[in-house]
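Q: Build the 3D model from these lines:
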Amino acid sequence: MNTLENIASVFRDTFSSQPLLVQGCGRINIIGEHTDYNEGFVLPASINRYIYFAIAENGTNECHFHALDINDSYQFSLSDIKKSDKSWANYLMGILDQLQKENILLEGVDVVFGGNLPIGSGMSSSAALEAGFALGICSLFNLQKSRQELAQLAHRSSNNFIGIPSGIMDQFASLLGQRGQAIKLDCRSLQYEYVQLDLKDYELLLINTGVSHALANSAYKDRVRECREGAEAVAQKFEGIQSLRDVSLEQLEACREDMTAVVYQRCRYVIEENERLHQALHLLTNGEMEALGELLLGTHEGLSKEYEVSCRELDFLVELAKDHEGVAGARMMGGGFGGCTLNLVKKSAKEDFLKYAKKEYYRAFSVQAEHYELEIVDGTDIVRG
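A: From the prediction side, this is the model:
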């Protein structure tokens, strides 16, 4: 893991120029998982885990990227942007590709990046890469784009250049996060409002399974396809159905024989998760943390049993949390198949819970689980120009 100072120093030593410095934020999502690409609602927040960038224009048509955390480099010409076998480089090239599609003239850039945001942890390092680089490029070349426009551009890059049919939540949260606030985002209209994240005597902790997920794998794309199949089946019988966002449980039940059992399960989870989010907002407003924890457990049950995107390690950590009296609730967070659990823990019980969870996890899997204490911060931003 590298600091901003390390990134800037390596850049100056490598390219002999003064860079623009940017920090791209990771994010958590309190509730509303796998609902964004179904045009539903989400409740993310930007967190104090970053990818730091040092960026400068170089006066040529060539781009030079260096990923300091993994000591890997890639270079290419702006006149020949195409996907490479380096997935990290694709996230940066995709931003440039989208800008070129808008007929924006660019010149070559030199980039060094790294940070303290773990890859494959469910905190969306990919969106932090896209958001930080997009904001840096727009600042460097004085492109007049709002943060919401940048989130949409980064989302298009993920969909069209990277090839992941994801929703917009991650990029939106990274770019529009505010300190101490979660974002209630309508993923259809992109209307949003900030929600004060006052957890009373509780705090949110992440525990990392150490199992890295790959969002581009077929299982994620299968979930997207299954949800669309379900929505299309319901639309054959009911008017006004564009996505699962528009489907009620009663309508889904009426169409149960028109879809496979698996598609029905996927759809049921998404519809119930949208409802859980609205319940969560009410509980947050009223300070009902124990009830909020129960909703988190309900989300995990749905993700594990109905949506089938959990794994043995995630289920194990959630069960540990469920059995600990100092934890109101927990769930897997992110795309699934690995990454972190999100735990709503009493502040007074934090140390005891972490000791217990790490001990039991090591006993079961012979892996030392890392944990991350969170601060809800302002989103991706320019650090120094």
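Q: And for the residue lying closest to A254 once chain neighbours are set aside, the neighbour number?
A: Nearest non-adjacent residue to A254, counting by C-beta to C-beta, 6 or more residues apart in numbering: K237, 6.6 Å away. Just so you know, the C-beta spots here come from the backbone N, C-alpha and C atoms, and that holds for glycine as well. The number of residues packed near K237 is 11, by other C-beta atoms under 10 Å.
Q: which SS class is K237?
A: The three-state assignment at K237 reads coil, by DSSP: H, G, I helix; E, B strand; the rest coil.
Q: can you tell me how far it sits from V247?
A: Separation of K237 from V247 (C-beta to C-beta, to the nearest Å) stands at 11 Å.
Q: domain assignment for this structure?
A: 4-197+377-384, 202-373 (automatic domain parsing).
Q: Dump those domains to a markdown table, plus mean pLDDT.
A: Shown next, in a markdown table, are the domains of the chain (pLDDT from 0 to 100):
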| stretch | mean pLDDT |
| --- | --- |
| domain 4-197+377-384 | 96 |
| domain 202-373 | 95 |
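Q: coming back round to it: pretty sure the residue nearest to A254 contacts C255?
A: Yes - under the criterion of C-beta atoms under 8 Å, K237 is in contact with C255, at a separation of 5.7 Å.
Q: on that earlier part again, tell me who's in contact with the residue nearest to A254.
A: 251, 254-255, 258 (C-beta atoms under 8 Å, 6 or more residues apart in numbering).
Q: and among the domains of the chain, the most buried is which?
A: Among those, domain 4-197+377-384 has the highest mean neighbour count (mean count of other C-beta atoms under 10 Å), at a mean of 20.
Q: Endpoints of it, how far apart?
A: 11 Å (C-alpha to C-alpha, to the nearest Å).
Q: Can you name the helix or strand that S46 falls in?
A: Using DSSP states H and E, S46 sits within strand 44-57.
Q: what's the answer for L204, then?
A: Using DSSP H and E, L204 maps to strand 202-208.
Q: next one: L284
A: If you go by DSSP H and E, L284 is part of helix 261-286.
Q: between whichever helix or strand comes after that helix and helix 261-286, how many degrees?
A: Using DSSP H and E, the helix or strand that follows helix 261-286 in sequence is helix 289-301. In terms of direction (axes from the mean of the first three to the mean of the last three C-alpha atoms, to 10 degrees), helix 289-301 departs from helix 261-286 by 160 degrees.
Q: and helix 289-301, how far from the chain's centre?
A: The chain centroid and the centroid of helix 289-301 are separated by 20 Å, computed with C-alpha atoms, centre = their mean, to the nearest Å.
Q: One more: stretch 333-345?
A: On the basis of C-alpha atoms, centre = their mean, stretch 333-345 sits 11 Å off its chain's mean C-alpha point.
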